[in-house]
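Undergrad: Below is the sequence, then the predicted model.
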Amino acid sequence: MKCIRCKKTACVALPSHHSGFCKDCFPLFFTKQVETAIRREKMFTHDERILVALSGGKDSLALMLELKLQGYDVTGLHIDLGIPNSSEKARRKVEAFCELHELNLRVFEMEKWGLPIPDVKKHVNRPVCAVCGKMKRHHFNRIAREEGFDVLATGHNLDDEVARLFANTLRWDTAYLSDQGPILPASDGFVRKVKPLFRLSEFETANYAFLKGIEIHSDPCPYASGASFTHHKELWGELEYRSPGQKFQFYQSFLKKGKPAFANLEKEIGDELKPCDECGSPTSAETCSVCRIKAAVKASKEKTE
């Protein structure tokens, strides 16, 4: 296959785009997709401060580098989950990446906050991945709000978004379906959230990271074995292989036809939000779920000591 742009030998084939790119032209394609996402969805401007959630994986680091290269005011936020061995490796990758590219980095340590993920796994009778995700989202939003950032950007790619949409549809989860999309405007104590990689697949982001020489943390989380999210990605990967372009078509059709209906329904039946009595984060109860989890872990640990 020849590169569709310069006619050299292509190294990245993209069946969903009926094209391929060489190592020099593919990053230009990636940049164009990110620029298009930001412009069409009106995600942010060069005058705004952007907090980028950094896990150490290919997607978040690729996003951080790309936004810096496009001239945006970015600061990274890494949450150290306190998982033995795993969290230390991820943190080192993030710190080395930010130092190499002269990027601002903020690190929040769950252990110093009093709730490392191993304690959650031991003392909370709920799937640890769901609780971990809830706490990360809580702190991403809290820190962005408290430190005056205009927008929070995450590295969710097309595969992530389709797998999440599929899971929410299987449950007909109205609240999540009403909010899902590449941009969630600021409201009720939540900062604006954006996903500039939503037009790009995991394969495309991985190739960008490789071609840019980004050193990533690729070890799987030791607690994530058997997660349904991974299985949903595999199912959609098979469908995409057989019918290139199905992921993007499914997602775009939902944004155009499905999301507005769920958003209207949520306005009618959704709970009213107010500040948490403990931390001030938006919640529909007196105390938010994260503060309740923290209190439950503390009580359980006191009983066993």
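TA: Happy to help now that I have it. Residues are numbered from 1 along each chain as shown.
Undergrad: What's the end-to-end length of stretch 120-128?
TA: By Cα to Cα, to the nearest Å, the extent of stretch 120-128 from end to end equals 7 Å.
Undergrad: Run the chain-centre distance for that stretch.
TA: With Cα atoms, centre = their mean, to the nearest Å as the basis, stretch 120-128 stands 22 Å off its chain's centre.
Undergrad: can you tell me the average pLDDT over that stretch?
TA: Per-region confidence: stretch 120-128 scores 89 on mean pLDDT.
Undergrad: which parts of it are buried?
TA: 120-121, 123-124, 128 (16 or more other Cβ atoms under 10 Å). In short, each C-beta sits where N, CA and C put it, glycine included.
Undergrad: Equivalent analysis for stretch 271-281, please.
TA: Using 16+ other Cβ under 10 Å as the burial criterion, the residues of stretch 271-281 that qualify are 273, 276, 281.
Undergrad: So Cys98 versus Glu215, what's the distance?
TA: Plainly put, Cys98 is 12 Å away from Glu215 if you go by Cβ to Cβ, to the nearest Å.
Undergrad: ok, the two, which is more surrounded?
TA: Neighbours per residue (other Cβ atoms under 10 Å) separate Cys98 from Glu215, with Cys98 holding more: 20 against 13.
Undergrad: elements contacting the helix or strand hosting that one?
TA: Under the criterion of DSSP states H and E, Cys98 resides in helix 86-100. Applying 3 or more Cβ pairs under 8 Å, 6 or more residues apart in numbering; DSSP states H and E, one finds that helix 86-100 makes contact with helix 58-69, strand 73-80, strand 104-109.
Undergrad: Leaving aside the residues adjacent along the chain, what's closest to Ala90?
TA: Nearest residue to Ala90 in three dimensions, chain neighbours excluded: Gly56, at 3.7 Å (Cβ to Cβ, 6 or more residues apart in numbering).
Undergrad: now swap in Lys247 and tell me
TA: Nearest one to Lys247, counting by Cβ to Cβ, 6+ apart, is Val162 at 4.8 Å.
Undergrad: Give the residue spans of the stretch 201-305 of the chain that score low on pLDDT.
TA: For the stretch 201-305 of the chain, applying pLDDT under 70 flags the ranges 225-227, 305.
Undergrad: In CSV, list the buried residues of stretch 120-128 along with secondary structure and distance to Cys3.
TA: Output for the buried residues of stretch 120-128, formatted as CSV (DSSP: H, G, I helix; E, B strand; the rest coil; distance: Cβ to Cβ, whole Å):
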residue, secondary structure, distance to Cys3
Val120, helix, 47
Lys121, helix, 47
His123, helix, 54
Val124, coil, 51
Val128, helix, 44
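Undergrad: and of these, the nearest to Lys23?
TA: Looking at the buried residues of stretch 120-128 and their distance to Lys23, the nearest is Val128, at 39.2 Å (Cβ to Cβ).
Undergrad: Check the gap between that closest one and Arg40 for me.
TA: Noted for Val128: a distance of 36 Å to Arg40, by Cβ to Cβ.
Undergrad: same check, this time on Thr174
TA: Distance of Thr174 to Arg40, given as Cβ to Cβ: 26 Å.
Undergrad: Which of the two has more residues huddled nearby?
TA: Taking other Cβ under 10 Å, Thr174 and Arg40 do not tie; Thr174 has more neighbours (17 against 11).
Undergrad: Pretty sure the more buried one sits against Phe262.
TA: Yes: under the criterion of Cβ atoms under 8 Å, Thr174 makes contact with Phe262 at 5.7 Å.
Undergrad: which stretches of the stretch 201-305 of the chain form strands?
TA: Ranges of strands in the stretch 201-305 of the chain, per DSSP state E, counting those that start in this stretch, are 274-275, 282-283.
Undergrad: Can you report how many residues lie near the residue nearest to Leu255 when sequence neighbours are not counted?
TA: Computed as Cβ to Cβ, 6+ apart, the closest residue to Leu255 that is not its neighbour in sequence is Gly181, at 5.7 Å. Neighbour count for Gly181, taken as other Cβ under 10 Å: 19.
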